[in-house]
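Enquirer: Build me a structure from this.
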Amino acid sequence: MNKIILVSLMLVISLFLIVGCAKQTEVSDGTEVADDGALAGEVSRLPIRPTEGVVKNDFFILKMDASQNEILQYKGADKSTATSPRIKFKLISSGETLEYALTGGSAIVRLGGKSYQIQLTRPDKIDSPINVDYDGDGTLDTVHKKSTLHSKELMDLAGVYYIEPVTCTEVKTLLEGESVAVESMGISNLVLTFVNAEQARVSIDGTASSGGIALGRGTQVTSGAYVHVLGILYQDYAGGIHQATLCLR
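Expert: I've put the predicted structure just below:
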């Protein structure tokens, strides 16, 4: 009888120990979950690169008209709660810095007689990503497409944002003094007559000549030929290279 009671007591004690271990395990698991939650909280406070929006140092294109665009580089912005907050861009065609006041996280860029709205997507952060009204129609464009321009010889433009592709009938890369035919446009003799680090000049079929065309800009050379300077490779030393990449349309 005593043996039976002793065995029963041992079984009860064992049961309590098992339950206690189980509870301890639950508490430990709960603690681990809490720790994981704290870690997750830390991670969530890390800056996250947005999937949409132009970020600092990205390039983007503002559409002027059917024949001309301007390339800008976003150089950063104050957060909207700063005193007199500002936003900065670099205008690639001239190299000048453009600076605008921010009001309520928004700014207006004025170029070529048009106005382009800019909106910070995270106005409480320094150097917030931005949404851009790429074509100056008064509506922010929240879908950002990517392309690659041809002027990689001069600068890295691998992340260029634009509202629509810049279309070219032909793209030609010429050395200074070189002549090529552009048969698709009926041009027998396209000559790169001059190029330096900032601009290029061309002549077409010996009858029409452009003035200096700045990098990133274009001009109507003949009634049927618009020439846009996409890129310049200018190495000014003995045996150097004077070269331009032209978009013709």
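
Enquirer: Now residue 93. Nearest residue, chain neighbours left out?
Expert: Spatial nearest neighbour of residue 93, excluding adjacent residues (CB to CB, 6 or more residues apart in numbering): residue 216 at 4.4 Å. The way it works is simple: take the backbone N, C-alpha and C, and place the C-beta from them, glycine included.

Enquirer: An error on my part: the question was meant for residue 234.
Expert: Nearest residue to residue 234, sequence neighbours excluded (CB to CB, 6+ apart): residue 197, at 4.4 Å.

Enquirer: Kindly state the pLDDT recorded for the residue nearest to residue 93?
Expert: Looking at residue 216, its pLDDT stands at 73.

Enquirer: tell me the domain boundaries of the chain?
Expert: With automatic domain parsing as the criterion, the domains of the chain are listed as 1-46, 59-162, 170-248.

Enquirer: From one end of the last one to the other, what's the distance?
Expert: From the first residue to the last, domain 170-248 extends over 5 Å; the measure is CA to CA, to the nearest Å.

Enquirer: Against residue 235, how distant is residue 170?
Expert: Distance, residue 170 to residue 235, using CB to CB, to the nearest Å: 25 Å.

Enquirer: between those two, which one's more packed in?
Expert: The residue with more neighbours, out of residue 170 and residue 235, is residue 170; 16 against 11, by other CB atoms under 10 Å.

Enquirer: Quick check: chain neighbours aside, which residue is closest to residue 100?
Expert: For residue 100, ignoring the flanking residues on the chain, the nearest one in space by CB to CB, 6+ apart is residue 107 at 4.2 Å.

Enquirer: That neighbour contacts residue 101, correct?
Expert: Yes: with the criterion set as CB atoms under 8 Å, residue 107 and residue 101 qualify as a contacting pair; they are 6.6 Å apart.

Enquirer: more neighbours, the two?
Expert: Set side by side, residue 107 and residue 101 show more neighbours around residue 107, with 22 against 12, by other CB under 10 Å.

Enquirer: What's opposite the residue nearest to residue 100 in the beta bridge?
Expert: Under DSSP bridges, the beta-bridge partners of residue 107 are residue 118.

Enquirer: How far does stretch 182-200 stretch from one end to the other?
Expert: In stretch 182-200, first residue to last residue: 18 Å (CA to CA).

Enquirer: Give the buried residues for it.
Expert: Residues of stretch 182-200 classed as buried: 182, 185, 187, 190, 191, 192, 194, 195, 198, 199, 200 (neighbour count, 16 or more other CB atoms under 10 Å).

Enquirer: Name every sheet partner of the helix or strand hosting the fourth one and say whether each one runs parallel or antiparallel.
Expert: In the assignment (DSSP states H and E), residue 190 maps to strand 187-195. Here strand 187-195 is paired, per DSSP bridges, with strand 179-182 (antiparallel), strand 199-204 (antiparallel).

Enquirer: per-residue pLDDT, the residue lying closest to residue 186 once chain neighbours are set aside?
Expert: Counting by CB to CB, 6+ apart, residue 186 lies nearest to residue 224, which is 6.9 Å off, once chain neighbours are set aside. At residue 224, the predicted lDDT confidence score is 90.

Enquirer: Count the neighbours of residue 224 for me.
Expert: One way to gauge burial is a neighbour count; for residue 224, by other CB under 10 Å, it gives 13.

Enquirer: With residue 100 instead?
Expert: The burial count for residue 100: 17, using other CB under 10 Å.

Enquirer: Repeat that for residue 210.
Expert: Counted with other CB under 10 Å, residues neighbouring residue 210 total 21.

Enquirer: same check, this time on residue 181
Expert: Burial of residue 181, expressed as a neighbour count using other CB under 10 Å, amounts to 13.

Enquirer: All good on my end, thank you.
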